[in-house]
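1. I'd like to go over a predicted model; first the sequence, then the structure.
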Amino acid sequence: MTKSSVLGYPRIGSNREWKKALEAFWAGKIDETEFQSRLKDIRLDHLRKLREKGIDLIPVNDFSYYDHVLDTAAMFGIIPKRFDYDGGAVPLSVYYGIARGTKNAAASEMTKWFNTNYHYIVPELDGATPAITENKPLAAYREAKEHLGIEGKPVLLGPLTFLKLSKGYSESETDAWLERLLPLYVQILRELALEGVAWVQIDEPILVTRLSGEDLGRLKTIYGTFAAEVPALNVMLQTYFEAIENYDEIVALPVQGIGLDFVHGFAGNIRSIKSSGFPADKVLGAGIVDGRGIWKAPLREKLGLLETLQQFVSADRIVVQSSCSLLHVPVTVQNETKLLPELKNALAFADEKVDEIVLLTKAVSSGKDAVAGELEACDLAIGALMQSKERNRSDIQDAVAVIGKQDGRRNLPFAERHAAQQQKWQLPVLPTTTIGSFPQSVEVRKARQLWRKGEWSSEQYAGFIRDQIDTWINLQEDIGLDVLVHGEFERTDMVEFFGEKLGGFAFTQYGWVQSYGSRCVKPPIIFGDVAFEEPMTVEETKYAQSKTSRPVKGMLTGPITIMNWSFVREDISREQIAYQLAYALRQEVEALEKAGIGLIQVDEPAVREGLPLKEKDQAEYLAWAVKAFRLTTCTVQDTTQIHTHMCYCEFHDMIDSITEMDADVISIETSRSHGELIHSFEENTYGLGIGLGVYDIHSPRVPGVEEMTGMIDRALRVLDPKLFWINPDCGLKTRGMDETIASLRNMVEATKISRDKY
Ligand code: GLN
Ligand code: ZN
């Protein structure tokens, strides 16, 4: 019989109970006993729900107290030396110390989990002597069995992926590390087998990336060892987020099941299965329900796919499952009360996806007729959204069809624009500016809440914002900055703010997903054609400009960042969505220019987040992403200076794309790797305006003047002083008022000293 499964379930709870419990515990508001009991309730609730919905293979140990990669490191006693730990069970204080830092020890680095917005804690292998501290998958299995009688499927992060995601060792030490880890894995698995566990899911998402011959050899060693040492256990070797590379080698590994992603890796995995077939002695984990998207699965199409798969694998050897863990989607659509009905009906979050999986499984066993009603309802729901007026704005579609074919080049090449802009703006050498936002004090947040609750009228709130602008225009003049900003006090979040004002966006009430640790985000949904309805930033910017004779820089979020931080529709390509956003934002750029704003910054911090996992797909993405930026900014006059800002990522391999954006000035976060960054720009002889942040805004520390002149000197050894700008490395929204003023004063002082040298 065909079985159903999910690869993991969201931890956070439908009301973010998990987040609240973690934060209450950290704040000392609940003790450890209370905390443990709350988390256990959440965990058991999830298991109960999956069982009630009818999932056959219910995952256990997918739950975490913070992050599953950290759990794996902790399970093996891989604890950085700077934390107080001498063996045995890892106390919560140490576990959370690694995740969040302590008074005495910095947190471990956190980074993106493949191409998702989930972030994991990077294990540090240097100096570690691995030893099992606790068989966590076993504990999770026992708990499910004891309390609910559930035969769970323990989920483990596989050894190759774990190693590849860890740091603190060199390439040549990989095999030595594998030798240390393998016996520990074997012991964990052996205990599971002894307990009577039937199936384990071993996640190896690294298999969708390019593997070296050595890595393939390691895979054989790993899974060969498991097969030899723990023959009683069935291993589902699970991959996701893309098609696997090296299909033939991977499906030949001595495991009992192979899990493939037939959503995000559809083309590649289908091609492989069609050309090479699928081993008759293995189970296929068919990831056909999208674990990352938020849309209802087109059930008829999915049944068709299952029929295709049955040409290669018999139905009793197919497990119908999510394409990846459901960690990446919100918990349920059910509680949403404010969405358009045709949108709500077309959505499927984790719980609804579980229902889809169960339904598809049933259809394989009992035939289509058994689910005829559901198929019909699904067609109707998807059809209704397709018919909605939001998805059929011919005015937008026609305009975007035209501009999408254009190249988006400005009138003049940079050198000539630059001369015209210098002529007009008469900025000093090494102009000073900031990235946009100023501290969002308690009062700012309180005012916004009062207004949102209706206790303040819109006029009252607007008046408050104007006062903030006044304060900061005066401060910026007093500090001596050259290009001012209005401060972004009216914005909560750089994507939400624009999404709320553009057509085609929707906002859920409870659609939270875990970003890292207890931090959750609630991405907007781009479900219709993106429509510019009215100017979004002109009023505040114009007001700020009316208060000063120095130029005020307008401030927008760019198309790619808005897209990458939203859930997006799937009936048109991401490229088309990007161009729609570009078309809408271009109208804002033009409105700002018309209102007399002659420097306009279009922030694109999240360009890299959309980068496809497969190298072969990356150039194409970057090309249209860069083009979307150009389409947003290309229609302004030669004298209008376009700025952009990027942060949160590595830039060294992106300089060509950044050059292609053709912004007159780019400001870049440098706190992570100032030296390296300068080196990259040197090698690539970047020839446009650039501000490499001269101080790190991620810390409350006030940087000294000398420290900043040092940064400036170093940058100017390779970059042209005539093109160099002085700015902090990101927005100042999260900083305190006093430290911000002091830092900016020092920055201006450092600039004056440097100006005398050039
Ligand atoms: N203009 C934004 C700000 O200053 C940029 C934020 C960002 O880079 N993430 O807040
Ligand atoms: Zn930034």
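-> That came through, no problem. Numbering: from 1, shown residues only. Ligands and ions are numbered 1, 2, ... in the order given.
2. ok, the residue of the chain found nearest ligand 1 - how many residues close by?
-> Closest approach between the chain and ligand 1, counting by C-beta to the nearest ligand atom: residue 731, at 2.1 Å. Where C-beta positions appear, they are placed from N, C-alpha and C, glycine not excepted. By other C-beta atoms under 10 Å, the residues close to residue 731 number 25.
3. Numbering from 29 from now on, please.
-> In the new numbering, first residue 29, that becomes residue 759.
4. shaky segments in this protein?
-> 699-705, 710-712 (pLDDT under 70).
5. Nearest spatial neighbour of the residue nearest the centre of the chain, chain-adjacent residues omitted?
-> Nearest to the mean C-alpha position of the chain, counting by C-alpha atoms, centre = their mean, stands residue 145 at 1.9 Å. Spatial nearest neighbour of residue 145, excluding adjacent residues (C-beta to C-beta, 6 or more residues apart in numbering): residue 543 at 5.8 Å.
6. Likewise for residue 444?
-> Nearest to residue 444 is residue 666, by C-beta to C-beta, 6+ apart, at 7.2 Å.
7. and the stretch 679-786 of the chain, which residues reach ligand 2?
-> residue 758 (C-beta under 5 Å from the ion).
8. Helices along the stretch 329-478 of the chain, start to end?
-> 369-372, 378-394, 400-415, 422-431, 442-453, 470-480 (DSSP state H, counting those that start in this stretch).
9. Is the residue nearest to residue 238 when sequence neighbours are not counted in a helix, a strand, or coil?
-> The spatially closest residue to residue 238, leaving aside those adjacent along the chain, is residue 273, at 5.7 Å (C-beta to C-beta, 6+ apart). Secondary structure, DSSP: H, G, I helix; E, B strand; the rest coil: residue 273 is coil.
10. Identify the residue of the stretch 229-378 of the chain closest to ligand 2, quick one.
-> Relative to ligand 2, the nearest point of the stretch 229-378 of the chain is residue 356 (23.8 Å; C-beta to the ion).
11. What residues does the stretch 179-328 of the chain have near ligand 1?
-> By C-beta under 6 Å from any ligand atom, no residue of the stretch 179-328 of the chain approaches ligand 1.
12. Am I right that the residue nearest to the centre of the chain is in contact with residue 637?
-> Yes: the pair residue 145 / residue 637 is scored as a contact, 7.0 Å apart, by C-beta atoms under 8 Å.
13. measure stretch 418-435 end to end?
-> 27 Å (C-alpha to C-alpha, to the nearest Å).
14. Now do the helices in the stretch 129-278 of the chain.
-> According to DSSP H, counting those that start in this stretch, the helices that the stretch 129-278 of the chain contains are 164-176, 187-193, 202-223, 241-257, 275-279.
15. any idea how far residue 458 is from residue 708?
-> Distance of residue 708 to residue 458, computed by C-beta to C-beta, to the nearest Å: 21 Å.
16. neighbour-wise, which of these two wins?
-> residue 458 (22 against 19).
17. OK, contacts around that one?
-> 740, 749, 752-754, 779, 782-783, 786 (C-beta atoms under 8 Å, 6 or more residues apart in numbering).
18. Closest one of the residues you listed to residue 550?
-> Nearest to residue 550, judged by C-beta to C-beta, of the contacts of residue 458 is residue 753 at 34.0 Å.
19. For the helix or strand containing residue 527, output the C-alpha coordinates as CSV.
-> In the assignment (DSSP states H and E), residue 527 maps to helix 524-529. Extracted C-alpha coordinates of helix 524-529, given in CSV (Å, rounded to 0.1, in the frame of the first residue of the first chain):
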residue,chain,number,x,y,z
GLU,A,524,5.8,45.3,4.4
PHE,A,525,5.7,49.0,4.0
PHE,A,526,5.7,48.9,0.2
GLY,A,527,3.5,45.7,0.0
GLU,A,528,0.8,47.5,2.0
LYS,A,529,0.7,50.3,-0.5
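20. and of the helices of the stretch 329-478 of the chain, who's closest to residue 311?
-> helix 378-394 (13.6 Å).
21. So which bits of that closest one are buried?
-> Under the neighbour-count criterion of 16 or more other C-beta atoms under 10 Å, helix 378-394 has 378-382, 384-392 buried.
22. Pull out the buried positions in stretch 219-232.
-> Of the residues in stretch 219-232, those buried (16+ other C-beta under 10 Å) are 219-221, 225, 227-232.
23. outside of that stretch, which residues touch it?
-> 35, 85, 87, 163, 165-166, 169-170, 179-186, 188-189, 217, 247, 258, 260-268, 283-285, 287.
24. How about the residues of the stretch 679-786 of the chain by ligand 1?
-> Counting by C-beta under 6 Å from any ligand atom, the stretch 679-786 of the chain sits next to ligand 1 at 758-759, 761.
25. Closest to ligand 2 out of the residues you listed?
-> Nearest member of these to ligand 2, counting by C-beta to the ion, is residue 758, at 3.3 Å.
26. burial measure for the closest one, as a count.
-> Residue 758 - counted by other C-beta under 10 Å - has 28 other residues nearby.
27. Walking through the stretch 679-786 of the chain, point out its helices one by one.
-> Counting by DSSP H, counting those that start in this stretch, the helices of the stretch 679-786 of the chain are 683-689, 702-712, 733-744, 765-785.
28. Name the helix or strand for residue 301, please.
-> helix 294-304.
29. Let me know how buried the closest residue to residue 468 other than its chain neighbours is, in neighbour terms.
-> Using C-beta to C-beta, 6+ apart and skipping residues adjacent in sequence, the residue nearest residue 468 is residue 761, 5.1 Å away. When counting by other C-beta under 10 Å, one arrives at 21 neighbours for residue 761.
30. Need the phi and psi values for residue 761.
-> phi -50, psi -40 (degrees, to the nearest 10).
31. quick one: contacts for it?
-> By C-beta under 8 Å, 6+ apart, the neighbours of residue 761 are 465-468, 516.
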